[in-house]
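Asks: Got a predicted structure here, sequence first:
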Amino acid sequence: MSSAQLLYLIIGIVLVDYFFDQLLDFFNMKSAKSKLPKELEGIYPPEEYAKSQRYLKARSKFSFLTTAFSTSLTVLVLAFGLFGDLHVWLSDHFQDPIVHSLIFFGVLFIVSDIINIPFELYSTFVIEEKFGFNKTSLKTFWLDKVKGYVLVAILGGGLGYVLLWLIFEWHEQFWVYALIVITAFSLFMSIFYTSLILPLFNKLTPLADGELKDKINAYADRVKFPLDNIFVIDGSKRSSKANAFFSGMGKKKKIVLFDTLIEKQSDEELVAVLAHEVGHFKKKHIVGSMIISVIQMAITLYVLSLLIFNENLSMALGADGMSVHLNLVAFALLYTPISKLTGVLMNVISRKNEFEADAYASTTYNPAPLQSALKKLSVDSLTNLTPHPAYVFVNYSHPTLFERLKHMDQFKKQE
C-alpha cells in the first residue's frame, strides 16, 4: 500500500471511529427518560432525577464539542503532514534516534496537554462546579499538572527510553523483550502505586480505631482475606464523588476508602462495598484481567513489530524517510478498530466479573446493604439510570444499576 493510500486509510479510521462514538452518544441521549421507569422508581428523589438528566445533557454536549475539536485537529494535522514537519525540524537539533523520538513524543504530549487545558478547566470549574461535584481549587489543579509532568518525564521517559532502545537494538524481535518490560512495569505499579504514586496527589490516613474498622477486620478475618492496612484518602479535596478500592499483590492487601464514601455510607454499607472488592480477589478477577492484558499486549506488540520499520507509514505522516516514532503514531491510529474490539471484549468480561463480585458479597455478607450503597453512589454521582443497551455494551465496564439490583434480588430470596 502506498503512503498516500495509507494516509487516506488512517484519516478514514479516525473519522469512522468518531462517527461511531457519536452515534452511540446520540442513542444514549435518546434513551434518557424524563420520568423514571416504574421498575426504577424510588431510587432517585424526583428533583435529583431531573438534575441527573441535566447533568447527562451537559456532559454529552461537552463531550460532543471536545471530540469534534480533537478529531478535526487530528485530521488537519494528518492532512497537512504536521507530524512529519515536527520530525524534520527536530532532526536538525537531535541526532541520536532515541533522544529524537523521546523529544518528539514530549513535544506532542506538552502541546496536546496545553490545548486540552481550557477544556479541563471548563469541565472542572464550570460543569462539575455547577452540579456540586467540584472541590478542586485552582492551586490544586495546577499543582496536579506540574506533578503529572514530572511523573511523565520520569516514568514515561524512562520506560519510553527502554522500549525505544529495544526497538533499535533488536529490530523486529523487540516485541518479546518489550512485553517482558511492560509486564514488569505493570506489576510494579500494581504493587507500589498506593504507597509511591498516590501520596504525591492525595493524603492517605490510616482508618481510626472504632466500630467501622472492627467490622471490616472481622469480615476480612471471616472470609480469610489477607488485609494489611485500611486507609482513608482525602478524595474530597477534588470531588464530592465517592469510591473505594484495594491494592497490593500477594498476601498483603491495602483497602483505600474515600472520605466522601465514609461520610455518605453507613458502616454496613461500607463493609458490603468492601465485600464486593474482596469478591474480585477471591474470584481471581485481578489475576485474570492481568493475564488477559498481557496476552492483549503481546498481540499488539507483535503486530507493531510487523509495521515498525515500514517506510510508507512514516511517509504517510509527512516524512521523507523511515521514522520509528512516526510509525508508532501511525500504528496507534491504524490499530484503533482492533483496540475498540478488544475494549468491548474487556468490558464484557468486566461486567461478568462485577456480577460475580456482587454475588460473592451477597452470599458472604448481605445483598441489602450493597444494594443500598449502590443506590446512594448512583444518586450522589447523578448516574444515568436508563442508558442505551448499545452504549452499555461498548462503553460500560460495570452493569447498569438496575441489572445489578435485579441480580442481587435472587440472593435475598435465598435468605
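Replies: Everything's here; your move.

Asks: those strands in the stretch 251-400 of the chain, which residues are they?
Replies: 253-258 (DSSP state E, counting those that start in this stretch).

Asks: any low-confidence regions in it?
Replies: Per-residue confidence for the stretch 251-400 of the chain (pLDDT under 70) gives these ranges: 251-252.

Asks: Now do the contacts for Ser34.
Replies: Gln53 (C-beta atoms under 8 Å, 6 or more residues apart in numbering). (Glycine included, C-beta is placed from N, CA and C.)

Asks: looking at this, it is in a helix?
Replies: No - if the criterion is DSSP: H, G, I helix; E, B strand; the rest coil, then Ser34 is coil and not within a helix.

Asks: Got the confidence number for it?
Replies: pLDDT recorded at Ser34 is 77.

Asks: give me the number of residues near Thr67?
Replies: 15 (other C-beta atoms under 10 Å).

Asks: For it, pull up the helix or strand it's in.
Replies: Assignment of secondary structure by DSSP states H and E places Thr67 within helix 46-79.

Asks: what's that helix packed up against?
Replies: Other helices and strands packing on helix 46-79, by 3 or more C-beta pairs under 8 Å, 6 or more residues apart in numbering; DSSP states H and E, are helix 3-31, helix 97-122.

Asks: Show me where the stretch 101-250 of the chain dips below the pLDDT cut-off.
Replies: Scanning the stretch 101-250 of the chain for pLDDT under 70 picks out 248-250.

Asks: sorry, back to before: dump the helices and strands packed on helix 46-79 to JSON lines, plus mean neighbour count and distance to Ala220.
Replies: JSON lines is the format used below for these (neighbours: other C-beta atoms under 10 Å; distance: least, C-beta to C-beta, whole Å):
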{"stretch": "helix 3-31", "mean neighbour count": "15", "distance to Ala220": "38"}
{"stretch": "helix 97-122", "mean neighbour count": "15", "distance to Ala220": "38"}
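
Asks: wait, which of those is closest to Val348?
Replies: helix 3-31 (15.7 Å; C-beta to C-beta).

Asks: mean confidence for that closest one?
Replies: Per-residue scores along helix 3-31 average to 95.

Asks: Make residue 1 into 736 and carry on from there
Replies: Yep, numbering from 736; the last one is helix 738-766 now.

Asks: so how far is it from its chain's centroid?
Replies: 20 Å (C-alpha atoms, centre = their mean, to the nearest Å).

Asks: Can you name every helix or strand that it contacts?
Replies: helix 781-814, helix 1046-1051, helix 1059-1069, helix 1071-1099, helix 1124-1130.

Asks: Val1008 is nearest to which of the helices and strands packed on helix 781-814?
Replies: It's helix 738-766; of these, that one is closest to Val1008 (C-beta to C-beta) at 26.6 Å.

Asks: orientation of the closest one relative to helix 1071-1099 in degrees?
Replies: Helix 738-766 runs at 40 degrees relative to helix 1071-1099, counting by axes from the mean of the first three to the mean of the last three C-alpha atoms, to 10 degrees.

Asks: and the angle for helix 738-766 with helix 781-814?
Replies: Using the same axes, to 10 degrees: helix 738-766 against helix 781-814 is 170 degrees.

Asks: ok and helix 738-766 relative to helix 1059-1069, angle-wise?
Replies: Using the same axes, to 10 degrees: helix 738-766 against helix 1059-1069 is 40 degrees.

Asks: I would like the residues contacting stretch 738-747, please.
Replies: Contacts of stretch 738-747 (C-beta under 8 Å, 6+ apart): Met736, Val810, Leu813, Ala814, Asn1047, Leu1048, Met1050, Ala1051, Leu1052, Ala1065, Leu1068, Leu1069.

Asks: now do stretch 806-814
Replies: So stretch 806-814 is in contact with Leu742, Ile745, Ile746, Val749, Leu750, Tyr753, Leu817, Phe818, Ile850, Leu1052, going by C-beta under 8 Å, 6+ apart.

Asks: residue contacts, the fourth one?
Replies: Translated: Val749. Counting by C-beta under 8 Å, 6+ apart, Val749 has contacts Thr806, Thr809, Val810, Leu813, Leu1068, Thr1071.

Asks: Could you dump the contacts of stretch 806-814 into a markdown table and include distance to Phe993?
Replies: Listed next are the contacts of stretch 806-814 as a markdown table, based on distance: C-beta to C-beta, whole Å:
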| residue | distance to Phe993 |
| --- | --- |
| Leu742 | 46 |
| Ile745 | 41 |
| Ile746 | 42 |
| Val749 | 37 |
| Leu750 | 39 |
| Tyr753 | 34 |
| Leu817 | 42 |
| Phe818 | 40 |
| Ile850 | 31 |
| Leu1052 | 43 |
